[in-house]
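Student: I would like to see how this sequence folds:
(one chain, ligands or ions: 1)
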Amino acid sequence: MAFLFFFVGLFFGSFFNVVIYRVPRDLSIVRPGSRCPACSTPIAWYGNIPLLSYLFLRGRCEACKAPIALRYPLVELSGGLIFLAGYLYGGLTLSAVDLILLLSTLFIVTWIDFTHMIIPWEVLVPAFLWRVFYNIRQGIIGERILSFLLFFALMWLIAFLGKAFYKKEAMGGGDIYYTAFLAFFIGWKNGIILLLTAALSAALIGYLYAFITRKNVRETMLPFGPFLSLGALIAYFWGDLLLAWYMGLFPPVG
Ligand SMILES: [Zn+2]
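Tutor: Numbers count the residues shown, from 1 in each chain. Alright, predicted model coming up:
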């Protein structure tokens, strides 16, 4: 069963490749079928088998021999691993579906934001719709709608103050609705852990990056999406634990 999940995940990974390449370029994810980015020759069915085609074609386009980016087999493999992780975590339950949709979304958003500095809202839709269903089923839809609104307002406020303070766009609209989406997914308590983790790791990497490139830290622009993804991942698995630990640092007054 674990192998079946991995195998199905490879094909979803293949689809992630299409999404990662086409959505930021505003291209349809349905048409045309996959073709070589170098010579536009349509790719035959045997060229579309995840991982195997890459090995079989020795990493080159069959028609023009242009090298196929390593990104393709890597993303396919990631799809397989995400599905495997879902099965190992939840078995044949809805929590497996939940984790697979969360990890897939985090993965795609991180990749696109890292390469294009944007977070297209379209890629959030499948996981969002899933969570509308799942939150209703778990009886937590009211709390999650409030979480969504709260974090939308909070991020908007941070962006507004950031812009007023730094006199430039410190955070994009994508970061605002991505955080709201994540709060809808994991709830407002985990949302706090998410934001703290994202802000801390972004500051750490930002200073490190500025130090290595010898740039002024105020002039370095890093996409915030990957840090939000990291924060969401940590909050999803260890949010309760971190919150308990954090609250323990401040014993109740009185
Ligand atoms: Zn080609």
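Student: Around the residue in the stretch 151-254 of the chain that the ion sits nearest to, how many other residues sit close by?
Tutor: As assessed by CB to the ion, the ion sits closest to Pro223 within the stretch 151-254 of the chain, at 30.3 Å. All C-beta spots, glycine's among them, are computed from the backbone N, C-alpha and C. Number of residues near Pro223 (other CB atoms under 10 Å) recorded here: 21.
Student: List the residues that contact it.
Tutor: Asp113, Phe114, Met117 (CB atoms under 8 Å, 6 or more residues apart in numbering).
Student: where does the chain come near the ion, residue by residue?
Tutor: Residues of the chain lying near the ion by CB under 5 Å from the ion: Cys36, Ala38, Cys39, Cys61, Ala63, Cys64, Ala66.
Student: Of those, select the buried ones using a PyMOL command.
Tutor: Burial among the residues of the chain next to the ion is assessed by 16 or more other CB atoms under 10 Å; the matching PyMOL selection reads:
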select buried, resi 36+61+63
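Student: Any chance of the residues of the chain next to the ion in TSV with distance to Gly91, pLDDT and secondary structure as columns?
Tutor: TSV is the format used below for the residues of the chain next to the ion (distance: CB to CB, whole Å; pLDDT from 0 to 100; DSSP: H, G, I helix; E, B strand; the rest coil):
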residue	distance to Gly91	pLDDT	secondary structure
Cys36	40	88	coil
Ala38	43	89	coil
Cys39	45	91	coil
Cys61	40	92	coil
Ala63	44	90	coil
Cys64	45	93	coil
Ala66	43	93	coil
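Student: can you redo the residues of the chain next to the ion as a markdown table with distance to Gly231?
Tutor: Formatted as a markdown table, the residues of the chain next to the ion follow (distance: CB to CB, whole Å):
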| residue | distance to Gly231 |
| --- | --- |
| Cys36 | 37 |
| Ala38 | 38 |
| Cys39 | 41 |
| Cys61 | 39 |
| Ala63 | 43 |
| Cys64 | 42 |
| Ala66 | 38 |
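Student: rewinding a little: leaving out the residues flanking it, which one is nearest to the residue of the stretch 151-254 of the chain closest to the ion?
Tutor: Spatial nearest neighbour of Pro223, excluding adjacent residues (CB to CB, 6 or more residues apart in numbering): Asp113 at 4.3 Å.
Student: quick one: Asn190 is in a strand?
Tutor: No. The assignment for Asn190, made by DSSP: H, G, I helix; E, B strand; the rest coil, is helix rather than a strand.
Student: wait, what's in contact with it?
Tutor: Asn190 touches Ala183, Ala235, Tyr236, Gly239, Asp240, Leu243, counting by CB under 8 Å, 6+ apart.
Student: Please put the alpha-carbon coordinates of stretch 76-85 into PDB.
Tutor: Provided in PDB are the C-alpha atoms of stretch 76-85 (Å, rounded to 0.1, in the frame of the first residue of the first chain):
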ATOM      1  CA  GLU A  76       8.200  14.000  -9.500                       C
ATOM      2  CA  LEU A  77      10.100  12.300  -6.700                       C
ATOM      3  CA  SER A  78       8.900  14.900  -4.300                       C
ATOM      4  CA  GLY A  79       5.300  14.100  -5.300                       C
ATOM      5  CA  GLY A  80       5.900  10.400  -4.600                       C
ATOM      6  CA  LEU A  81       7.500  11.200  -1.200                       C
ATOM      7  CA  ILE A  82       4.600  13.600  -0.200                       C
ATOM      8  CA  PHE A  83       2.100  10.800  -0.900                       C
ATOM      9  CA  LEU A  84       4.200   8.300   1.000                       C
ATOM     10  CA  ALA A  85       4.400  10.600   3.900                       C
END
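Student: got the contact list for the most centrally placed residue in the chain?
Tutor: For the chain, the residue nearest the mean C-alpha position is Leu106 (1.7 Å; CA atoms, centre = their mean). Taking CB under 8 Å, 6+ apart, we find Leu106 in contact with Ser229, Ala232, Leu233.
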